[in-house]
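Peer 1: A structural model of the following input is requested.
(one chain, ligands or ions: 1)
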Amino acid sequence: MSFGRMHRKEDARFIRGRGNYVDDVKLPGMLHGAILRSPYAHARIVSIDTSAAEAHPKVKAVVTGATLAGLNLAWMPTLSNDVQAVLATDKVRFQGQEVAFVVAEDRYAARDALELIEVEYEPLDAVIDARTALDAGAPVIRDDLEGKADNHIFDWQAGDRARTDELFERAEVTVAQDMLYPRVHPAPLETCGALADFDKVTGKLTVWCPTQAPHAHRTLYAMVAGLPEHKIRVISPDIGGGFGNKVGIYPGYVCAIVGSIVTGRPVKWMEDRSENLMSTSFARDYHMHGEIAADRDGRIKAIRVKVLADHGAFNGTAQPTKFPAGFFHVFTGSYDLEAAHCEVTGVYTNKAPGGVAYACSFRITEAVYLVERLMDVLAAELGVDPAELRMRNLLKPDQFPYTSPTGWEYDSGDYPKTLRLALDMAGYDELRAEQAAKRARGELMGIGISFFTEAVGAGPRKHMDILGLGMADGAELRVHPTGKAVLRVSCQSQGQGHETTFAQIVGNELGIPADDVEVVHGDTDQTPFGLGTYGSRSTPVSGAATAVVARKVRDRAKLVAAAMLEASPDDLEWQDGKWSVVGDPSTAKSLAEIALAAHSNLELPEGVEGHLDAVTVYNPPNLTYPFGAYICVVDVDPGTGQVKVRRFVAVDDCGVRINPMIVEGQVHGGLADGVGMALMQVMAFDEDGNHLGASFMDYLLPTSMECPSWELGETVSPSPFHPIGAKGVGESATVGSPAAVVNAVVDALAPYGIRHADMPLTPANVWRTIDGRPFRT
Ligand code: PCD
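Peer 2: Numbering: from 1, shown residues only. Model (predicted):
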């Protein structure tokens, strides 16, 4: 068994500062690019004069939208079948939009030359608040789209409206709540960038880029630029965090490629922090109205939701094509109810495009937040304890596999057991007693619960695709004569430790140490096709492919072992990581022995090839459904509105854990993210569309100062849809934790009659929420 708490192999280079990131890659003759960006949120471009920049002694090329239009590259397709300007030609549509690209001998000269470009703008009114985007007379943002006369993108719905409405009409109790999941940003520590090298002689284009989906990038470059796919190589070296920010193709990548084609030299473009925060994919920005219908005794019946989704200036949200609101329709959460319905309307605004699944499988964070806030609003209405209300409504173990009212097939779980464990770990009853005593003294202590179910591992080819590409992943496993193995996968580690866990999967299947398995990823010339890493899909899809390909090797090894033992394969058994004749352990052959024999002159039966190597493509039969119960304890200072997260208990169930230490690390990171979103983060804009969070001075990342010492627990419900029973976990904590923190803060503020407050619960927001309200115990 190679599963277990193994130290991460990749840390040998990371902790020595020997990682190799895109900006570490330096090629002979390399030039540097910089992007001129729009100061306005919405403005017509009257003229662009690049002559002074071109005259700069170190400048090699200046590329504008007009240059790109000549190459038919001024616009590129987005992940949502919209188009996005690579460099603006007609108008700028958000502050920070790409307007021109300068290629120069060094980074400083490129930046200096930006200031020599003269752009004349005619400012236009901007649409900043999504709630006004569909007003009659609102400025039309996308007049580039033929016949477009408003800012509407799509209407989408899921569930059974008639049945849901009927249950609402008959319900004994209903509650409703408006809530905003604010626009936030994945903010990986390494910003985005690309190094492009076009070789005119061979016609080969090599792009180094921190992408979460190298193969998808290659295919899209081929489709968009018309370059032959086999002449494109995308290399994703070490990545300093992705969190969904590195899924899509950004204008800067295309500019670097064009820059290299135009100058005949390699061109590197790296954005700075402000560029990353202002122009790369945001997340969330959902204005939600949720309602829940229940009996007096707290049995919930139905949920109904209306969402206004702010998608920014270009619809670049990332999700399987069929689902414009991603997996939002999993909003019935972990509860047994009769019907549900949601309507989502997407609109354009003058903000950066994106809508990525920042640490969430396509809008599940929004869905979990919605249902977990509604549960607390209902608990307050009924005067029932929120833990008790959840216990009454959680799905029961015998309901699995469970088909939700909006069509999801949950795979496995014992939800009450997981919640019970969390309550025990937290000492829930004592916490409530402590809270009562403190309330009597006028102190603000809050306890927040959230129970979440995620749907990860996109996805089954029959249900989903991205831009027509099915979501199956390949894997290749080569076994050297001495029994050491090389695994090649399409998924892409951004820090999650795939080089370790994927080696552990192979080791576990083949009876060899994980250290004997090298994992190759991040290079389209070296790996099989697959759609990349996001939505916690690597373990569910590529991880499954890895187990399957290793089993193919094991099956082949069986035939070779049979030949070695002069036995029938039917008489062999796999025991303790070796093939042996049934009942005779002395005959056991290890993989290394078998590999050597497979490469030798051993006579193999008719039809059995030599070597042990194998390939596979894995098409997941279903998603996997990790879940968990989180409990957060906060203290709020009534004088300043400051929230302190005192304790956080997180019980996660991600099925079989390959490397429990990595899983815990993933959970720690996600919980910190959740505290950040709940208490500190929002991409804010003023009414003219000026971005108010373009540095880490304004857009705050949580540190150890804001985080408690996490208290983790686990339950294990193997997924019946996965060869080793594993479910994804990378995003669970980000999905589940914001609701727990907000529920805790709102619980602390209950004596003021507060039932809801929107994130981020900064001291100023908390203080404004309670200011002037009487405190009643
Ligand atoms: N695992 C184990 N076991 C189990 C599960 C899992 O062990 N059961 C592990 C694995 O193998 C890996 C990890 O853990 O290693 C994770 O996993 P998953 O869940 O599968 O996931 P993936 O796919 O791999 O990844 C992804 C994720 C995401 S998605 C995100 S956001 C984030 C996370 O991941 N990001 C990041 N985490 C992390 N970490 C780090 N360090 N960094 C980063 O960046 Mo998206 O959609 O993109 O938004």
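
Peer 1: going forward, measure contacts and count neighbours with C-alpha atoms only.
Peer 2: Will do.

Peer 1: ranges for the strands of the stretch 351-500 of the chain?
Peer 2: Assigned by DSSP state E, counting those that start in this stretch, the strands in the stretch 351-500 of the chain fall at 402-403, 409-410, 444-453, 465-466, 469-470, 473-479, 485-489.

Peer 1: Let me know which of those is tucked in deepest.
Peer 2: With neighbours taken as mean count of other C-alpha atoms under 10 Å, those reach their highest mean count in strand 444-453, at a mean of 28.

Peer 1: Briefly note if that strand comes near the ligand.
Peer 2: No. Figure legend: strand 444-453 not in contact with the ligand (C-alpha under 6 Å from any ligand atom); closest approach 13.6 Å.

Peer 1: Show me what that strand is packed up against.
Peer 2: In this structure, strand 444-453 packs against helix 364-382, helix 428-440, strand 627-636, helix 732-748, with contacts taken as 3 or more C-alpha pairs under 8 Å, 6 or more residues apart in numbering; DSSP states H and E.

Peer 1: So for the longest one, what gets flagged as buried?
Peer 2: Burial within helix 364-382, assessed by neighbour count using 16 or more other C-alpha atoms under 10 Å, is assigned to 364-380, 382.

Peer 1: From what I see, residue 757 and residue 744 are in contact.
Peer 2: No. In this structure, residue 757 is not within contact of residue 744 by C-alpha atoms under 8 Å, at 11.2 Å.

Peer 1: Just want to know which of those two has more residues nearby.
Peer 2: In this view residue 757 and residue 744 are compared by other C-alpha atoms under 10 Å, and residue 744 has more residues nearby, 27 against 18.

Peer 1: nearest residue to that one other than its sequence neighbours?
Peer 2: With C-alpha to C-alpha, 6 or more residues apart in numbering as the criterion, residue 744 has its nearest non-adjacent residue at 3.6 Å, and that residue is residue 448.

Peer 1: and the one you found, bridged to which residues?
Peer 2: When bridges are called by DSSP bridges, residue 448 pairs up with residue 632.

Peer 1: go on, the one 5 residues further on?
Peer 2: Note on residue 453: beta-bridge partners by DSSP bridges are residue 627.

Peer 1: who's in contact with it?
Peer 2: When contacts are counted by C-alpha atoms under 8 Å, 6 or more residues apart in numbering, residue 453 touches 333, 334, 368, 625, 626, 627, 628.

Peer 1: Return the set of buried residues in stretch 7-16.
Peer 2: Using 16+ other C-alpha under 10 Å as the test for burial, stretch 7-16 gives 8, 9, 10, 11.

Peer 1: pretty sure residue 311 contacts residue 344?
Peer 2: No. Using C-alpha under 8 Å, residue 311 is not in contact with residue 344; the gap is 11.8 Å.

Peer 1: between those two, which one's more packed in?
Peer 2: For residue 311 versus residue 344, neighbours defined as other C-alpha under 10 Å are more numerous around residue 311 (28 against 22).

Peer 1: want to throw the helices and strands packed on strand 444-453 into CSV with distance to the ligand and mean pLDDT?
Peer 2: What follows is the helices and strands packed on strand 444-453, written out as CSV (distance: least, C-alpha to the nearest ligand atom, whole Å; pLDDT from 0 to 100):
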stretch, distance to the ligand, mean pLDDT
helix 364-382, 10, 98
helix 428-440, 27, 98
strand 627-636, 11, 98
helix 732-748, 8, 98
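
Peer 1: which parts of the stretch 351-500 of the chain sit against the ligand?
Peer 2: Within the stretch 351-500 of the chain, the positions near the ligand by C-alpha under 6 Å from any ligand atom are 357, 358, 359, 360, 361, 494, 495, 496, 497, 498.
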